[in-house]
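[1] Curious how this folds, go ahead:
(one chain, ligands or ions: 2)
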Amino acid sequence: MIIGIPKEIKNNENRVALTPSGVISFVKSGHKVLVEANAGIGSGFRNEDYANAGAEIIESAANVWAQSEMIMKVKEPLSSEYTYFRPGLILFTYLHLAAEPALAQALKDNDVTAIAYETVEVNRTLPLLTPMSEVAGRMSVQIGAQFLQKTNGGQGILLAGVPGVSRGQVTIIGGGIVGTNAAKMAVGLGADVTILDLSADRLRQLDDIFGYQITTLMSNPMNIAEAVAKADLLIGAVLIPGAKAPKLVTEEMVKSMKPGSVIVDVAIDQGGIVETCDHVTTHDDPTFEKHGVLHYSVANMPGAVPRTSTIALTNVTVPYAMQIANKGVQKAISENGALKLGVNTANGEITYEVVAKDLGYTYVSVEDALAKEVVSI
Ligand SMILES: NC(=O)C1=CN([C@@H]2O[C@H](COP(=O)(O)OP(=O)(O)OC[C@H]3O[C@@H](n4cnc5c(N)ncnc54)[C@H](O)[C@@H]3O)[C@@H](O)[C@H]2O)C=CC1
Ligand SMILES: CC(=O)C(=O)O
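    Numbers count the residues shown, from 1 in each chain. Ligands and ions are numbered 1, 2, ... in the order given. The predicted structure follows:
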């Protein structure tokens with residue numbers, strides 16, 4: 001199979017979908033890899049590194065897309081990339097379609113087989129989301145601490161406090177991968193940490209991990225309101241796989257926060273859980289202020305630590321991409337239930353149920369979509 005690796009074009013997105021080591025794996029298995037010139041620079045991988053690994057360096061993005069059977073990316077295509085879509089193209093990347101209706105329509109209109117990293121699912125875990133959630137969860141506290149500084153627009157508190165002065169309060173809504181990793185960092189800094197989740201089992205696990213270092217609370221409107229009101233740093237970390245994030249933190253709750261408090265809504269890639277986090281921000285201009293509270297809503301947080309993130313991401317994506325390359329997309333999907341759950345669009349249909357529901361399309365199963373006329377390139 002011919003696999004294409006375009007350079008990421010989202011604001012400050014310095015990750016790349018494949019490392020030179022990944023290229024070696026594909027080439028050894030008899031595949032051809034086309035890498036757009038300078039695609040790896042942001043992650044510290046030079047064109048020569050890719051060429052030495054056996055990739056062909058291609059000058060233009062258009063040629064990479066046109067000549068490849070499968071495109072591997074990191075972030076969802078931006079509108080300028082929709083022109084590269086065509087029937088039969090396999091796209092393997094983060095998509096977050098519930099929050100990207102125009103992209104969903106473009107993939108559908110162009111009969112692209114689009115497999116979303118974030119919905120590949122094994123035993124109720126999301127193996128291709130996990131490493132980036134680990135990164136973003138850890139970053140969320142680092143970023144929050146930084147914006148709590150007066151010089152950066154915050155209320156001017158140190159999360160750790162000092163002897164004689166109270167510690168900062170970190171409230172984390174959602175105790176999955178992002179939430180747990182945020183808690184590790186916040187506990188490590190010495191903050192006062194509260195985590196809310198809807199799953200009693202998850203709260204028990206968190207209690208086992210952190211003991212008396214954190215407070216766990218069942219997620220319900222009353223507990224959320226109280227925990228938000230006292231938060232110096234609020235972290236949004238809820239996920240319902242594939243679906244638009246529920247708005248759990250209302251504008252009224254945000255108004256109850258202290259001036260200069262900070263919200264890091266990590267779940268913004270699925271639309272965000274905070275009502276006032278009404279738009280995505282960029283690494284260039286990451287925050288905005290509403291009701292005196294700083295809001296941070298960058299949808300590609302790991303893009304700021306690309307070396308760590310690229311290696312962590314490709315560690316998990318390459319084995320799945322290899323199955324697609326070795327077997328072809330239809331056979332790979334039929335033999336691997338985890339990968340099948342990743343398919344969000346195929347043959348002009350939306351094939352992930354909650355995405356179809358959230359965007360108002362009729363859901364068609366992957367099998368039925370692929371059983372329609374099979375388009376080959
Ligand atoms: N902004 C960025 O750059 C990045 C964003 N993310 C996003 O962060 C979000 C969280 O991801 P993960 O931690 O990996 O998901 P996860 O599935 O590991 O955890 C989600 C948690 O939310 C809980 N939950 C569901 N409904 C809830 C509710 N009503 N109240 C409280 N908790 C509830 C679940 O029980 C689960 O424990 C996702 O949207 C993910 O895409 C991940 C990486 C980077
Ligand atoms: C999960 C995701 O969208 C990211 O890492 O950018």
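[2] ok, the residue lying closest to Ala312 once chain neighbours are set aside to ligand 2 distance?
    Taking C-beta to C-beta, 6 or more residues apart in numbering, and ignoring the residues beside it in sequence, Ala312 has Pro131 as its nearest neighbour in space, at 3.8 Å. In short, each C-beta sits where N, CA and C put it, glycine included. Between Pro131 and ligand 2 the distance, using C-beta to the nearest ligand atom, to the nearest Å, works out to 9 Å.
[3] check contacts around Pro131.
    Remark: with contacts taken as C-beta atoms under 8 Å, 6 or more residues apart in numbering, Pro131 is in contact with 309, 312-313, 315-316.
[4] For the chain, give me the ranges with low pLDDT.
    Low-confidence regions of the chain, defined here as pLDDT under 70, cover residues 373-377.
[5] how about the residue in it positioned nearest to ligand 1, what does it touch?
    Sorted by distance to ligand 1 under C-beta to the nearest ligand atom, the residues of the chain start with Gly176, at 1.8 Å. Listed by C-beta under 8 Å, 6+ apart, the contact set of Gly176 reads 133, 197, 202, 237-239.
[6] Can I get those residues in JSON lines including secondary structure and neighbour count?
    Formatted as JSON lines, the contacts of Gly176 follow (DSSP: H, G, I helix; E, B strand; the rest coil; neighbours: other C-beta atoms under 10 Å):
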{"residue": "Ser133", "secondary structure": "helix", "neighbour count": "23"}
{"residue": "Asp197", "secondary structure": "strand", "neighbour count": "23"}
{"residue": "Arg202", "secondary structure": "helix", "neighbour count": "18"}
{"residue": "Ala237", "secondary structure": "coil", "neighbour count": "29"}
{"residue": "Val238", "secondary structure": "coil", "neighbour count": "25"}
{"residue": "Leu239", "secondary structure": "coil", "neighbour count": "22"}
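[7] near ligand 1, which of the residues you listed show up?
    When C-beta under 6 Å from any ligand atom is applied, the members of the contacts of Gly176 adjacent to ligand 1 are 133, 197, 202, 237-239.
[8] which one of the residues you listed is nearest Ile324?
    Out of those, the one with the shortest distance to Ile324 is Ser133. That distance is 23.0 Å, counting by C-beta to C-beta.
[9] Let me know the distance separating the residue nearest to Ala312 from Lys32.
    Spatial separation of Pro131 from Lys32 under the definition C-beta to C-beta, to the nearest Å is 27 Å.
[10] returning to what we had before: return the members of the contacts of Pro131 classed as buried.
    309, 312-313, 316 (16 or more other C-beta atoms under 10 Å).
[11] Can you give me the separation between Ser68 and Asp192?
    50 Å.
[12] Among the contacts of Pro131, which are located in helices?
    Of the positions in the contacts of Pro131, 309, 312-313, 315-316 sit in helices, assigned by DSSP state H.
[13] Could you export those residues as a markdown table, including distance to Ala299?
    Compiled in a markdown table, the ones in helices among the contacts of Pro131 are given as follows (distance: C-beta to C-beta, whole Å):
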| residue | distance to Ala299 |
| --- | --- |
| Ser309 | 14 |
| Ala312 | 18 |
| Leu313 | 15 |
| Asn315 | 22 |
| Val316 | 20 |
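[14] Looking only at neighbour counts, state which of Ser68 and Asp192 leads.
    Ser68 (24 against 20; other C-beta atoms under 10 Å).
[15] what about the host helix or strand of Glu289 and ligand 1, touching?
    Element membership for Glu289 (DSSP states H and E) is strand 287-290. No: with C-beta under 6 Å from any ligand atom as the measure, strand 287-290 is seen stopping short of ligand 1, the closest distance being 13.6 Å.
[16] tell me what that strand is packed against?
    With contacts taken as 3 or more C-beta pairs under 8 Å, 6 or more residues apart in numbering; DSSP states H and E, strand 287-290 sits against strand 293-296.
[17] Could you tell me which strands the strand it packs on is paired with, and in which direction each runs?
    For strand 293-296, sheet partners with direction are given as strand 262-265 (parallel), strand 287-290 (antiparallel), following DSSP bridges.
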